[in-house]
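**Student:** Model the structure of this input:
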Amino acid sequence: MIEPPEWLDAVVADALVREPQGWGRPVLIVRADEQCLYVCEAGRAPQVFPVSTSARGVGNRDGSLQTPRGLHWVAQRIGDTAPAGAIFRGRTDTGAIADILTDPDARSTGDRITSRILWLEGLEPGINRGGDVDSFARFIYIHGTDEEGRIGSPASHGCIRMRNQDLIGLFPRVPLHSLVVILERGP
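**Tutor:** As a prediction, this is how the structure comes out:
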């Protein structure tokens, strides 16, 4: 069992105070400086997954290709029964299966979205909701990738990438309106 970092409880409590609909659901915390996603569920030790956030850093503007900071929730869940490595375009399973690249230097021919999608909606007007900072309109997801060798390093075009099997295992535990807090660095 891992010992939760000291800052984690305060971040979870703050998220639940700001959006009480998150009670009873897991709270996901993404730390861009650590390239980690923490899953916090009541009564359980936090689970930590390596991820990849944007290669361009953290920022909320449309067109920046950066990972948006702030409080979000899961607005849509897509791909519940798709096979591992299924390639999605426009949030639709294409029927194709990606070749999963595990070498850190390997690059795919596209920014493939694979296996599952958790589509995020910002909850903070002017920060990640509305206008030119709207995370939902920017199509910001937590999703699988065919570039698994790059997980643990900033590599995405704004989304949060996970290893396919990690996301497939996590997906059933993350219902709609589960809160997601994206931090540039720890508090």
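
**Student:** Go ahead and confirm Arg129 touches Gly122.
**Tutor:** Yes - with contact defined as CB atoms under 8 Å, Arg129 reaches Gly122; the gap is 3.9 Å. Glycine gets a C-beta too; all of them are placed from N, C-alpha and C.

**Student:** Show me the common contact partners of those two, please.
**Tutor:** With contacts defined as CB atoms under 8 Å, 6 or more residues apart in numbering, the residues shared by Arg129 and Gly122 are 135-136.

**Student:** more neighbours, the two?
**Tutor:** The residue with more neighbours, out of Arg129 and Gly122, is Gly122; 27 against 20, by other CB atoms under 10 Å.

**Student:** Which residues lie in contact with the more buried one in this structure?
**Tutor:** Counted by CB under 8 Å, 6+ apart, Gly122 has contacts 60, 68, 70-72, 128-129, 133-136.

**Student:** so what's the most centrally placed residue in the chain bridging to?
**Tutor:** Centroid check for the chain by CA atoms, centre = their mean gives Ile142 as the closest residue, at 3.1 Å. Going by DSSP bridges, Ile142 is paired in beta bridges with Leu118, Ile160.

**Student:** In terms of pLDDT, where does it sit?
**Tutor:** The per-residue pLDDT reported for Ile142 equals 98.

**Student:** now it: how far from Leu37?
**Tutor:** Distance, Ile142 to Leu37, by CB to CB, to the nearest Å: 8 Å.
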